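> Test case, fold it:
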Amino acid sequence: MVVSKLSSMRDKDVEDIENELVYKSLDWNLLDKLIDDVCYGMLSDFDRNALVINYNHYKERFK
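Okay, here's the model as predicted:
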């Protein structure tokens, strides 16, 4: 769910993933792997870069 929401980053998506219950329950190692899996050949260069940037900012704030 978090990977999908990081891909779109609509206001509601941001609100959902910034919920304390969500980010405190994340398995960050699994999330790293899921981001890598989604980025490997599944997205355009633009979408891949946007996802990685969004994820890195999210990780810096909530990990």
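> Buried by neighbour count: which residues of stretch 48-63 qualify?
48, 50-52, 54-55, 58-59 (16 or more other Cβ atoms under 10 Å). Backbone N, C-alpha and C define where each C-beta goes, glycine included.
> How about stretch 38-51?
Neighbour-count burial for stretch 38-51 [16+ other Cβ under 10 Å]: 38-39, 48, 50-51.
> now, among those, which is nearest to Leu6?
Nearest to Leu6, judged by Cβ to Cβ, of the buried residues of stretch 38-51 is Leu51 at 5.9 Å.
> so how far is Glu20 from the closest one?
Distance of Leu51 to Glu20, given as Cβ to Cβ, to the nearest Å: 23 Å.
> picking up where we left off before, mind picking the lowest-pLDDT entry from the buried residues of stretch 38-51?
Ranked by pLDDT, the buried residues of stretch 38-51 bottom out at Cys39, which has 85.
> Quick check: it touching Ala50?
No - the pair Cys39 and Ala50 does not pass the contact test of Cβ atoms under 8 Å, sitting 10.5 Å apart.
> ok now whichever strand or helix holds Asp47, how far from the chain's centre?
Asp47 belongs to helix 45-62 when assigned by DSSP states H and E. Centroid separation for helix 45-62 versus its chain: 6 Å, with Cα atoms, centre = their mean, to the nearest Å.
> just stretch 4-15 next, same as before
Distance of stretch 4-15 from the chain centroid (Cα atoms, centre = their mean) equals 9 Å.
> Report the mean confidence score over that stretch.
In this model, stretch 4-15 carries a mean pLDDT of 94.
> in that stretch, what counts as buried?
Within stretch 4-15, the residues scored as buried using 16+ other Cβ under 10 Å are 5-7, 9, 13.
> send the alpha carbons of that stretch over as PDB?
Listed next in PDB are the C-alpha coordinates belonging to stretch 4-15 (Å, rounded to 0.1, in the frame of the first residue of the first chain):
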ATOM      1  CA  SER A   4       1.500   2.600  -4.300                       C
ATOM      2  CA  LYS A   5       0.800   5.800  -2.300                       C
ATOM      3  CA  LEU A   6       4.400   7.000  -2.700                       C
ATOM      4  CA  SER A   7       3.900   6.600  -6.500                       C
ATOM      5  CA  SER A   8       0.900   8.900  -6.700                       C
ATOM      6  CA  MET A   9       1.500  11.200  -3.700                       C
ATOM      7  CA  ARG A  10      -2.000  12.700  -3.800                       C
ATOM      8  CA  ASP A  11      -3.000  14.700  -0.700                       C
ATOM      9  CA  LYS A  12      -5.000  11.700   0.700                       C
ATOM     10  CA  ASP A  13      -2.100   9.300  -0.100                       C
ATOM     11  CA  VAL A  14       0.300  11.500   1.800                       C
ATOM     12  CA  GLU A  15      -2.100  11.800   4.700                       C
END
